[in-house]
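Visitor: predicted model and sequence follow; I will ask about them next.
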Amino acid sequence: MKARTLVELLTLSSNLYMMSKDKELMERFHNIADKGKEKINEFMHSEKDADGNEVEFLQKIAMKAHDVKEELEAKIGEMVTQFYTKVNIAHTDEIKALHAKIDDLSKTVALLEARLNRYESEQ
């Protein structure tokens, strides 16, 4: 396997581990599971569209799935940022910015060398 793949797998597994250790998130999952039938019945009869008609079941599920996806992405983003900070792993954007700075500095050094060579040849 490539080193990059191993790092990605390590990052993913550590993020999942950190999420499983997050007591608040796990308690929330347990609360949802405990409410079970009540929540489903409440969910079935609570949503209405702009005209006041009840929204179809599949549309309700799609709406709730979208909301859960956004919450999960936000939580994962926060945890990845915390993990990167703890482990001191540079983010891809930071690495790209550093490469751009190195390229700029290399060009500057090349120009200075050319000026120095020209100056030396004149004397």
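Guide: It's in. Predicted model, so just to flag it, every value in this text is computed and none were measured. Numbers count the residues shown, from 1 in each chain.
Visitor: going forward, measure contacts and count neighbours with C-alpha atoms only.
Guide: Noted.
Visitor: host element of Ser13?
Guide: helix 3-21 (DSSP states H and E).
Visitor: what about that helix, average pLDDT?
Guide: For helix 3-21, mean pLDDT rounds to 77.
Visitor: that helix packs against which elements?
Guide: helix 57-87 (3 or more Cα pairs under 8 Å, 6 or more residues apart in numbering; DSSP states H and E).
Visitor: the helix it packs on: how far from the chain's middle?
Guide: Distance of helix 57-87 from the chain centroid (Cα atoms, centre = their mean, to the nearest Å) equals 9 Å.
Visitor: and what of stretch 104-122?
Guide: The answer for stretch 104-122 is 43 Å, by Cα atoms, centre = their mean.
Visitor: please apply the same query to stretch 114-123.
Guide: On Cα atoms, centre = their mean, the centre of stretch 114-123 falls 51 Å from that of its chain.
Visitor: what mean pLDDT does that stretch have?
Guide: On average, the pLDDT along stretch 114-123 is 88.
Visitor: just stretch 32-47 next, same as before
Guide: Stretch 32-47 shows a mean pLDDT of 65.
Visitor: got the angle for the helix holding Ser13 vs helix 57-87?
Guide: If you take axes from the mean of the first three to the mean of the last three Cα atoms, to 10 degrees, helix 3-21 sits at 110 degrees to helix 57-87.
Visitor: thank you kindly, that will do.
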